[in-house]
Every structure is written in C-alpha cells, then in structure tokens.
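Q: Turn this into a structure:
(6 chains)
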There are 4 protein chains.
Amino acid sequence: MRKKNKELHAQRRKEILEAASQCFIEKGIHKANMQEICRTANLSPGQLYRFFKSKDAIILALAEQERQAAAGMIEYIRNNEANVAEALHTISSDLIPEITDISYARMSIEFVGEAGRNKEVANLFEKIEKDFRMCLEQAIKTSQKAGSVKKSVDPPSATTVILSLFDGLSVRSSFETIANKKKLTKTIQELIRALLCKNANKGECS
Amino acid sequence: MRKKNKELHAQRRKEILEAASQCFIEKGIHKANMQEICRTANLSPGQLYRFFKSKDAIILALAEQERQAAAGMIEYIRNNEANVAEALHTISSDLIPEITDISYARMSIEFVGEAGRNKEVANLFEKIEKDFRMCLEQAIKTSQKAGSVKKSVDPPSATTVILSLFDGLSVRSSFETIANKKKLTKTIQELIRALLCKNANKGECS
Amino acid sequence: MRKKNKELHAQRRKEILEAASQCFIEKGIHKANMQEICRTANLSPGQLYRFFKSKDAIILALAEQERQAAAGMIEYIRNNEANVAEALHTISSDLIPEITDISYARMSIEFVGEAGRNKEVANLFEKIEKDFRMCLEQAIKTSQKAGSVKKSVDPPSATTVILSLFDGLSVRSSFETIANKKKLTKTIQELIRALLCKNANKGECS
Amino acid sequence: MRKKNKELHAQRRKEILEAASQCFIEKGIHKANMQEICRTANLSPGQLYRFFKSKDAIILALAEQERQAAAGMIEYIRNNEANVAEALHTISSDLIPEITDISYARMSIEFVGEAGRNKEVANLFEKIEKDFRMCLEQAIKTSQKAGSVKKSVDPPSATTVILSLFDGLSVRSSFETIANKKKLTKTIQELIRALLCKNANKGECS
DNA sequence: TATGAATGAGCGTTCATTCAT
DNA sequence: TATGAATGAACGCTCATTCAT
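A: Have a look, this model is predicted:
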C-alpha cells in the first residue's frame, strides 16, 4: 500500500512535469499559466499544489530533470577520459539530433532565461555546468597525458569552445531549422578532432 | 530650438532604452515592470508612454539596436568575401569580448526567449539571422572559389557551426564567467581556421 | 450536481448583469468601473472574469437581454399582421409603463451611446432595429391589404414615426418624470389609430 | 483694446467648442480626450484651460449652446400661441431635417447620457425641457381656448407625445438613416394635426 | 483526499490636469 | 501670455495561490 502510493505519487509528478514542459515550450514559462498546466495534466489546482508547492518548484524540478540527462554524458566522458575526442565523436551522433530538437531547444532557452531571475534555478544550472566543465577539462588533460590530444590545447578554452558549440547549436535550433543534421554532425565531429587531435585530417585521433 | 527638442527627444529615448535594458537584464523582460523602468529612467509612466507606445515597443526597439550592431559585422564580412577566414579572425578580436559581456549575454537570452512568444521580435530576429547566414554562406562560397577556403567545406554546415559557436559563447557567458578571454579568442580563431583553411596549422590561410 | 452547477452559473451571470445594470444606470457605462460592479455583485474581479471575459462582454450581454425583450414584441406584431393598429394598441398598455421606467430609460440611453463607439453593440442594435422596422413595415402593408389600415399611409414613414415615438418616450423618461402614464398611454393609442386607421375618431379600427 | 480682447476670447471659446463638438460626435464624450480637442482646436492644453476650467465645463458650455437653439423655438411657439398646430407644422419643416442630422443626433445622445451622470448638465437639461414643456402646454391650452385645438386633448399628454416624437426622431437618426425626410416630415405634420385638430383630414386646422 | 470557486495584489496603460519654462 | 512636458491616480484585467466544501 505504502509503496503503491509512492509510485502513484512519483507517476503523477512525472505527468505534471510533462504537462508543464509542454506548456512552457508552447508559450514560454511566464505566459504559460497554472490553470493551463492543470488542464493539460488533468488535475485540479488543489491537487497540483499537493505535488508542487509553487510554479517555481515545477520549473526547478524540470531543470533538475535536465541535470539528470547531463549526468549521463558526464559519466560517459569520465569512462573514456583517455580519449575525449573519440568520446565526443561518439556522443555527438546522439546528442546533436537531440539538442537541435525544437522542443528541447525552446525549453533550454526558457531555463537559461529563468536562471537569470530565479536564484534556485541559477544555482542548479551553475552546478550542472561546473560538473560538466570540470569533467571535460579533466578528460582533456588526461587525454593529453595519454597522447590522444595535442599538448598545445588549452584545456579551459577548449572546454568552453566545445560546450559553447553545443549550447549554441541548441539556441539556434529554437529559431532556425537545421537543414541537414547529418552533415552538420559530421562537420562538428571533424571540428572537434581538428581542435583536439594532432593529425585531424587523417580522420581519426591516434 | 526645434533641433534641441529633437535631440532631447532622441536622448530621452536612449535613456529609456538604457533603463529598460538594465531592468530586463536584472529581472528578465517579464518580471521587469513598467513602473520600475520608469523609476530607473526617472520618468513618470505618462511621460514614458510619450516615447514608446507600449512595453513591446521598448523590447522591439532594443532588439532593433542589436540588429544595427549585427549589420556592421555583415558589412565587414561582405567587404572581405574572398577571405572569410581572415575576416572572421579579425572580427573575433572585438566580437568575443563584446558578446561574452554578461549584460549583452543576458539581454540576448531574453530576446531569444521573447522571440518565442512575440511575433514582431521573432520576425526581426529571423531577418537578422537570415541576413547573417546568407552573408556568411556566400562569403564561404566566394572564398572557396578564391581558394582561401577548402573545397571540402560544406558552406551551410560551416555557417551553422560558426554562428552557433558565437551564439553559444554568449549564452554560456550569461551563467559562467569566461576566465581567460584572450586565450579563448585565440582558440576560436584557430578553430575557425582549422574548419575553413587547408594548412590551418601553418598559422594563416593562404 | 452538474445541473446545480449550471444553474448556479446562470444565476451568477444574472446577478452580475443585474449589478452591472445598476452601476451603469447610476453612473453610466464609462464611469462605472469593474471594481464597483464586483462590489455590487459581491464578487472579486477574478471571479467576475470567470463569468464575463470583459467589460464589453457584460455590456453586450445586457444589450442582448434587451434584444430578447424586443423579440417578444416582434412576435406579437407578426401574429397580428392583419391588424397592426390593434396589435400596437394592445402592446402599448404594457410597453409604455415599461419603457418609461427610469432605469429602463437610462439603460437604453447608455446603450445607444455605446453603440456609437462599440462596433459589436452597434451591430446588435442594428439587427434589432432592422428586425423591428421590417416587421412593423410588413405588418402595415399586410394591414393595408386587409383593409384595417388606410391606403394613404406610407409604411416606412409611419414605421419611423411609431418607433421614434416609443424611443422618444423612453429617452424623455430618463430626465423627466411622466406624470400620468394612463392618460399618456391613451393619447398614444389614439394617435396611432389616427395615424393608421380610416375612422380613427370612431374609437376603433375596422 | 479691451473689447478686442473680449471678442478674441469669445471667438476662441467658440472655436474650442466646435472642436470639442466634433470630437465628441466622432468618439463620444468619454473616448474623446483633451489632447485631441486641443489638437483639433489648434491650441495647447495650457491655453485651452484658460478658456475652460475642465472637460466638464466644455460639455456644459456645449449643452448651453443647444439650450440657445431651443430658446428660438420656444419663442416662435409663444408668438403663435393661438395656433400651436400651425406653429408646429411650420417649425417641423426646418426642425426635422436638423434634428435627424447624424451629428446633431449623436451629440444629443451624448448630452442625454451625460445628464445621467453630471449633475450640472442634468440641471441645465431639466431647465430647458421644463421651459419647453411649459411653453408647449401653455400654447395648447391657449389654442384650445382659441378653438384651434380640440377640447378633448389632454395638454400634458399631448406635450409629452410631441416632444417625445421629436426626441425619438433624433435618437433613431443616430443609428438609422432616415430614407425619405420629406415624406417623414409630411407624415409627422399630419400626425400632429390629427393629434390636435378637429378636422385633421381636411389638411389644415381651422 | 479532491475540487474548483474564490482571492486580491499587481500588471500595462491612459488621460485630465498642472506648472516650470 | 503661451507652451507642452510632466504627473500620478485610476482603469480593465490576469493569475499564482488558497481554502471551504
């Protein structure tokens, strides 16, 4: 009984977050109102407020979700520290189509904007981004030691460039349709090699 | 007398836009209210509305300002079509410090978010971005013909990558301080060369 | 339960319309503000707006009510087309006391004024008036054929005169108390007979 | 000098009233704003307020103007007290086209509405209407003694009917174009005869 | 536990009126 | 005397949140 209730509770929370996400993507965080989220989630306001104590709590929970997604990537890079270039190459194939999806892009923009005015969201973001940066920077350093990345690469700058590239790709997707995602992915994969590897034009990092 | 009035008028508009910009950066477009903008600009609501007919009009005017800035860059690239790589290299030195400024970055985020819900802002943005993309794509093609850019480069993808990189840099700056802008600029300049030029490691595009 | 809610809803709408009507009569449509209507209807603004989406919607609903009233008269005249004079005679007894009621009169004035600046109200009014005019004109023509109305009567002019008389009676009542409604009714009834019937002084139309 | 100033002053007042009248007709008293009236009158707000101490003062002055117009008619009827029917017949020819003019009609509506919420305007109206009523009632009585009006006529009711007819004609004209003013005038003239005179169908009152 | 009616502060905006120049 | 920039209270309306049922 206990367990069932907990599961139901978690399930409801998920449904609410999905409904909220949908509304936020469609109208933006500020223009989407609670009434609408309730309707989309098939819930009364009173019920919804039993699961989330405020609109801000929903936004935060949604941001938290994104954090979980990022955690997977961090894990993958950490497990392939000796060859970041290859890890990024592999990740890109899945990541680029995902982050250039308009819904994902719109949601990201909303979060970044929200981070600018909501301290809690900002803190969460900062944490995710710091984790990501540290993981990637570390991986570049390790890869340099392992010889798979050029010594001339400045790890912090390279990290900033790589993260920016993905962030930018997502932002652009919110207002511009990416024509050819396959070619774009290939271009980015080559670029990352060019940035990190010695004989980039050889097609693969040693 | 006439002239003075016109100057005063223009001066006031500028002051209002500055005040609004400041408020938008601090609180976000939606949370910043007109009362606050008025207070910041040392103006009564009635007075402010003599200069801008609505909050949206202020947002649009601010977006228009950004457009003017972009126009300068477009012009520069167009005048150096035969060697985009070099043009981008030159531009980067000024552009990167500017777009990584936290105020600029925060404002950009707000605009992108606003574009998702305000048709007029969206149209303006679309136009800027289309101009930019077309200009850069054309320059890459011309540079390819001139031999300064590799034939293997896919102009649309390269354009997307370059624009994304700058967009991303700006977005990141809104939540993360860029430690070493000099080094970052250098890394990006090299990256763009690597992306576009044959003998990128030689330090310069032929 | 469902039904009760619906009934409650309808009841509330009615209450709001009554409150609004009262405020409009007392202060005029423009000077009466929503806060006041809310107070009169014992409702918060948020609540009121669940029933009517705008002040204009309230005005329109009130105008619609009047339209319903008019529809009854149109129906009656239509059912007695062969003898309009008699129909008007009958109607007058009820109609005159009603339209000379100060509240009714004040509300009418407000509507006419509103029609001059609110397109939707104007359209509604135009429709009512056109229906009324057409119905009356037709009835006069039919009565002429049936012999109960003089051939010399010009249907459009007679219609205008009759409608104007009632409109005018109402307007006057908004700023002047009608001393003797009985006598006035009799005078008007005789006048309408004089206007339409052959042997008007005989006291009845053949 | 003194005189010239006074004349100029009066002239300006007239111009302002004309401008205001125009604005009120176009937009209604409440939607017409002072800025607009100033612009129409080619005057700065500061100047305008030297001539009229408030918007209400303008409305009142405009109402006063109408009063002057009414005074002319009162005078005419008073001078023909022994034969009101004839006097009304004569007056109608000029009066009906005038009061069915849309501008006049719209202005009248605005005034009546205003009277409902502005005590001073209400007082003025009451006075005009009382004068008019007394004059007409008196004329009917005098005409009855003189034999030109039927004894059976109830002076107060007949007065109300006649005044209502003219008021109603004006009101209707604000939302319905009068198709044939000539025929309408004739119909009304005959109606007034029928109301007041013994052998109305003879075409003239003895 | 569940509902959705109810709240009310706060939003963007307008405009009659004033007053420094 | 003449200007028009400036004021600020008040408007219609929204919506995150609460609470009686």
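Q: So in chain A, which helix runs the longest?
A: Longest helix in chain A, counting residues (DSSP state H): helix A:119-146.
Q: For the helix or strand following it, C-alpha coordinates in CSV please.
A: Heading C-terminal from helix A:119-146, the first helix or strand you meet, by DSSP states H and E, is helix A:155-173. Below are the C-alpha coordinates for helix A:155-173, written out as CSV (Å, rounded to 0.1, in the frame of the first residue of the first chain):
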residue,chain,number,x,y,z
PRO,A,155,42.0,22.7,-21.7
PRO,A,156,39.8,25.5,-20.2
SER,A,157,39.5,27.3,-23.6
ALA,A,158,38.8,24.1,-25.5
THR,A,159,36.2,23.1,-22.9
THR,A,160,34.5,26.5,-23.3
VAL,A,161,34.5,26.2,-27.1
ILE,A,162,33.1,22.7,-27.1
LEU,A,163,30.4,23.4,-24.6
SER,A,164,29.5,26.7,-26.3
LEU,A,165,29.3,24.9,-29.6
PHE,A,166,26.6,22.5,-28.3
ASP,A,167,24.8,25.3,-26.4
GLY,A,168,24.8,27.5,-29.5
LEU,A,169,23.6,24.7,-31.7
SER,A,170,20.6,24.3,-29.3
VAL,A,171,19.9,28.0,-29.2
ARG,A,172,19.9,28.4,-32.9
SER,A,173,17.6,25.5,-33.3
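Q: So which elements touch helix A:155-173?
A: The contact analysis (3 or more Cβ pairs under 8 Å, 6 or more residues apart in numbering or on different chains; DSSP states H and E) places helix A:155-173 against helix A:84-99, helix A:102-115, helix A:119-146, helix A:181-196, helix B:155-173, helix B:181-196. Placement of C-beta: from N, CA and C, glycine included.
Q: swap the cut-off to 10 Å and go again
A: Contacts defined by 3 or more Cβ pairs under 10 Å, 6 or more residues apart in numbering or on different chains; DSSP states H and E place helix A:155-173 against helix A:84-99, helix A:102-115, helix A:119-146, helix A:181-196, helix B:102-115, helix B:155-173, helix B:181-196.
Q: Specify the stretch among those that is closest to C:Ile178.
A: Nearest to C:Ile178, of all the helices and strands packed on helix A:155-173, is helix B:102-115, at 60.2 Å by Cβ to Cβ.
Q: Could you measure from the closest residue to chain D within chain A over to A:Glu110?
A: Relative to chain D, the nearest point of chain A is A:Lys31 (29.9 Å; Cβ to the nearest Cβ). Using Cβ to Cβ, to the nearest Å, A:Lys31 is found at 10 Å from A:Glu110.
Q: of the two, who's got more company?
A: Shown here are A:Lys31 and A:Glu110; by other Cβ atoms under 10 Å in any protein chain shown, A:Glu110 has more neighbours (26 against 14).
Q: Tell me how many other residues surround the closest residue to that one other than its chain neighbours.
A: Leaving aside its sequence neighbours, A:Glu110 sits nearest to A:Ile29 (Cβ to Cβ, 6 or more residues apart in numbering or on different chains; 4.8 Å). The local packing of A:Ile29 (other Cβ under 10 Å) involves 27 other residues.
Q: one step back: any shared contact partners between A:Lys31 and A:Glu110?
A: A:24, B:116 (Cβ atoms under 10 Å, 6 or more residues apart in numbering or on different chains).
Q: that older thread, check whether the residue nearest to A:Glu110 sits in a helix, strand or coil.
A: Secondary structure state of A:Ile29, per DSSP: H, G, I helix; E, B strand; the rest coil, is coil.
Q: OK, contacts around the spatially closest residue to A:Pro155 that is not a sequence neighbour?
A: Of all residues not flanking A:Pro155 in the chain, A:Ile140 sits nearest, at 4.3 Å (Cβ to Cβ, 6+ apart). For A:Ile140, the contact set (Cβ under 10 Å, 6+ apart) comprises A:77, A:81, A:84-85, A:88, A:148-150, A:153-159, A:162, A:195-196.
Q: Does the longest helix of chain A reach DNA strand F?
A: No. Using Cβ under 7 Å from any atom of the strand, helix A:119-146 never reaches DNA strand F; the gap is at least 12.7 Å.
Q: So for that helix, mean pLDDT?
A: On average, the pLDDT along helix A:119-146 is 93.
Q: From the chain's centre, how far out is it? Work that out for me.
A: Centre-to-centre, helix A:119-146 and its host chain are 13 Å apart (Cα atoms, centre = their mean, to the nearest Å).
Q: What of stretch A:86-101?
A: 11 Å.
Q: Outline the domain layout of chain A.
A: A:1-53, A:60-202 (automatic domain parsing).
Q: Return the most buried member of those.
A: domain A:60-202 (a mean of 19; mean count of other Cβ atoms under 10 Å in any protein chain shown).
Q: Do that domain and DNA strand E come into contact?
A: No. Using Cβ under 7 Å from any atom of the strand, we find that domain A:60-202 stays clear of DNA strand E, coming within 12.8 Å at best.
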